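Chemist: Give me coordinates for this.
(4 chains)
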Amino acid sequence: MTVKICDAAFDPFVEIQNFQHELALSGKFGATSIFIGTMRDFNEGDNVQAMTLEHYDGMTQKQLTKIIAAAKTQWQILDSLIVHRVGEILPNEPIVLVSVWSAHRSEAFEACRYLMEELKANAPFWKLETLTTNEKRWVSKPINHELSVL
Amino acid sequence: MTVKICDAAFDPFVEIQNFQHELALSGKFGATSIFIGTMRDFNEGDNVQAMTLEHYDGMTQKQLTKIIAAAKTQWQILDSLIVHRVGEILPNEPIVLVSVWSAHRSEAFEACRYLMEELKANAPFWKLETLTTNEKRWVSKPINHELSVL
Amino acid sequence: MITLRYFAGLRELLGHSMVQLDIFEPHTVSSVWKLVNPDFKLPENVLTAVNMDYVLPSHVVKNGDEVAFFPPVTGG
Amino acid sequence: MITLRYFAGLRELLGHSMVQLDIFEPHTVSSVWKLVNPDFKLPENVLTAVNMDYVLPSHVVKNGDEVAFFPPVTGG
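Modeler: Down below sits the predicted model:
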């Protein structure tokens, strides 16, 4: 179970393959479910030329580790990998990779979706977009559901 | 939207990357959901040394193409790739790859899961396992739900 | 002429993968099975396809059709 | 001593990312905010964490704590 924060461009397929080579799971996993989030050149009707991803170093890793631990209580997963980019990002570059290995497909599918939804809800990352007009704006979203009691 | 049947080992990450390089979608897709099914060295409590995947050439491609068309009526997907192995397979080799590209994550996740479930339910493939005892047996499963009126 | 094709365990059970025959009367998928395999009842869980699309055994076949019989599929 | 940290739009709004202070009375996350930012009401949708775990604004802080304030997260 690995969480990795990258401050430079990463290749999700290289990350998965390197990780998989280290797994002592040859012949044991029947299912791999992978999600890759990639930067688009448009958002909410505007053209975007770049993005800065800020995060709360330390809390990010702590929250992602908790999310993986919670997934392991719900599904029989053999291993998982989360890689998230921070810093300056350009369109078409990967932002996030979530990969889950399990014996059977339903665990992999469900745990991968869960990790991704929890990451979006709870991991302390913030996106600052630079539009093609050079205007900068924080991507905003409604308040986190689980903490809406605040 | 591509369907590919391979009679030799394939590397799912090479397949995805080659396909992605041909996509005229740079900056347009925000989400990629990928599923890889890999041969395990055990099944139903027995050790498996090899597998032969038989298929109904022609019907396989026709059914997979129909499944993709059905997915496109339900989700806004930008592109999709299905690769399925046939012939002699060894443990740890990939059997199937399903990959879906979309602007937003829910479409990619849901369409990828749908394609995989429909493939398992309707694509005419059959697995013949060779156990480590050299016994050969057809993998069997209960009758196809959608055709259970038969 | 119609072509009958068998796959996987059903092919092994019957000992061959293909039969071609001329039909001179109206036939359904299940009646053409009976014609060719009079001693072997069409197994309940066998799937049937005509020209590579799933059909019910009551589907009427016509000359030129490829009629396939096979066990539940196990791909993926 | 406790450390207050601000992130993203809230950091920009306040013009700094960190404040360190000694507290001599019992404080909650929200009362420590009021102490440091008397003219700026804690925005309703701000999230709060102590020592990198989410907490409610009513959470009691103690010496050595790192108290963070930030907008809804937008990663992934």
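
Chemist: got the contact list for the residue in chain C that chain B sits nearest to?
Modeler: Proximity to chain B, evaluated over chain C using C-beta to the nearest C-beta, is greatest for residue C:75 at 2.7 Å. (C-beta placed from N, C-alpha, C; glycine too.) Shown in contact with residue C:75 (C-beta atoms under 8 Å, 6 or more residues apart in numbering or on different chains): B:53, B:55, B:84, B:95, B:96, B:119, B:120, B:123, B:124, B:125, B:126, B:127.

Chemist: element containing the first one?
Modeler: Remark: residue B:53 resides in strand B:46-55, with elements defined by DSSP states H and E.

Chemist: So for that strand, what gets flagged as buried?
Modeler: B:48, B:50, B:51, B:52, B:53, B:54, B:55 (16 or more other C-beta atoms under 10 Å in any protein chain shown).

Chemist: Is it possible to get a markdown table of the residues you listed that adds pLDDT?
Modeler: Shown next, in a markdown table, are those (pLDDT from 0 to 100):
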| residue | pLDDT |
| --- | --- |
| B:48 | 95 |
| B:50 | 97 |
| B:51 | 97 |
| B:52 | 98 |
| B:53 | 98 |
| B:54 | 98 |
| B:55 | 98 |
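
Chemist: Of those residues, just say which sits nearest to chain D.
Modeler: Out of the buried residues of strand B:46-55, the member with the shortest distance to chain D (by C-beta to the nearest C-beta) is residue B:53, at 35.9 Å.

Chemist: before we move on, the earlier item: now secondary structure and distance to residue A:7 too, for the contacts of residue C:75, in TSV please.
Modeler: Shown next, in TSV, are these (DSSP: H, G, I helix; E, B strand; the rest coil; distance: C-beta to C-beta, whole Å):
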residue	secondary structure	distance to residue A:7
B:53	strand	43
B:55	strand	46
B:84	strand	38
B:95	strand	37
B:96	strand	35
B:119	helix	39
B:120	helix	40
B:123	coil	43
B:124	coil	48
B:125	strand	44
B:126	strand	49
B:127	strand	45
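
Chemist: need these in JSON lines with distance to residue D:52, can you?
Modeler: Shown next, in JSON lines, are the contacts of residue C:75 (distance: C-beta to C-beta, whole Å):
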{"residue": "B:53", "distance to residue D:52": "48"}
{"residue": "B:55", "distance to residue D:52": "52"}
{"residue": "B:84", "distance to residue D:52": "45"}
{"residue": "B:95", "distance to residue D:52": "41"}
{"residue": "B:96", "distance to residue D:52": "40"}
{"residue": "B:119", "distance to residue D:52": "42"}
{"residue": "B:120", "distance to residue D:52": "42"}
{"residue": "B:123", "distance to residue D:52": "47"}
{"residue": "B:124", "distance to residue D:52": "52"}
{"residue": "B:125", "distance to residue D:52": "48"}
{"residue": "B:126", "distance to residue D:52": "52"}
{"residue": "B:127", "distance to residue D:52": "47"}
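
Chemist: the strands in chain C, which residues?
Modeler: Along chain C, counting by DSSP state E, strands occupy C:2-6, C:18-21, C:27-28, C:47-50, C:53-54, C:60-61, C:66-70.

Chemist: Quick one, which of those strands gets closest to residue D:32.
Modeler: strand C:53-54 (66.9 Å; C-beta to C-beta).

Chemist: Identify all contacting residues around that closest one.
Modeler: B:62, B:122, B:147, C:47, C:48.

Chemist: show me the contacts for whichever residue of chain C sits closest to chain A.
Modeler: Of all residues in chain C, the one sitting closest to chain A is residue C:76 (7.8 Å; C-beta to the nearest C-beta). Residues in contact with residue C:76, defined by C-beta under 8 Å, 6+ apart, are A:105, B:37, B:84, B:95, B:96, B:116, B:119, B:120, B:123, B:125.

Chemist: Relative to residue B:96, how far out is it?
Modeler: Taking C-beta to C-beta, to the nearest Å as the measure, residue C:76 falls 5 Å from residue B:96.

Chemist: joint contacts of those two?
Modeler: Contacts common to residue C:76 and residue B:96, judged by C-beta under 8 Å, 6+ apart, are B:37, B:84, B:116, B:119.

Chemist: just checking: which of those also lie near chain D?
Modeler: Among the shared contacts of residue C:76 and residue B:96, no residue lies close to chain D (C-beta under 8 Å from any C-beta of the partner chain).

Chemist: Adding pLDDT, write the residues you listed out as TSV.
Modeler: Formatted as TSV, these follow (pLDDT from 0 to 100):
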residue	pLDDT
B:37	98
B:84	98
B:116	98
B:119	98
